[in-house]
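Student: what shape does this take:
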Amino acid sequence: MPLDDPEVLVPDDEILWRRLGPRDIVPEGSGYRVSSGAFRTDHPDGVSVHRQKLTDEATILRLHPPVGIAEISVAQVKEVEGLRVVAAPIEDDPSHALIQPLPKSSKPQKLAVRARVVRLPDTLRP
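Tutor: Residues are numbered from 1 along each chain as shown. You can find the predicted model right below:
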């Protein structure tokens, strides 16, 4: 099935979760913001994300402890020229999806500005 097939593309109204490590979050004022590093990867298939409607926080934390979580909508991802989100379920995670193509140059920064921290990694939690 081609990656631009409507059955593979994730709808604009869905919320995505991106796992965050301590280096993916930057202090800002009295809170935190998502670093552009959160959307940089060497993986050739794209940036790995989770479809919120197909998972929950407890599942993500069980599969990937002790991460934090940022959220961004598919519509926000698509505001960045040339990017799309495709469903890419894997055996232990049916919520898995990919931001494609691999964001380069200023695109990770544009994604980070649109994302918000919804859970801090354990190492940054009070």
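
Student: and Q109, how many residues sit next to it?
Tutor: Q109 has 16 neighbours, counted by other C-beta atoms under 10 Å. For every residue, glycine as well, the C-beta is placed using N, CA and C.

Student: excluding sequence neighbours, find me the nearest residue to it.
Tutor: Among residues not flanking Q109 along the chain, S36 sits closest, at 4.2 Å (C-beta to C-beta, 6 or more residues apart in numbering).

Student: pLDDT score assigned to that neighbour?
Tutor: For S36, the model assigns a pLDDT of 95.

Student: also the one 4 residues further on?
Tutor: At R40, the model reports a pLDDT of 92.

Student: and the strands in the chain?
Tutor: 15-20, 25-28, 31-34, 47-51, 68-73, 84-87, 96-100, 116-119 (DSSP state E).

Student: any idea which of those gets closest to V8?
Tutor: V8 lies closest to strand 84-87 among the strands of the chain, at 5.1 Å (C-beta to C-beta).

Student: how near is T41 to D13?
Tutor: T41 is 25 Å from D13, where distance means C-beta to C-beta, to the nearest Å.

Student: just R84 next, same as before
Tutor: Distance, R84 to D13, by C-beta to C-beta: 15 Å.

Student: okay, those two: which has more neighbours?
Tutor: Between R84 and D13, counted using other C-beta under 10 Å, the more crowded position is R84 (18 against 9).
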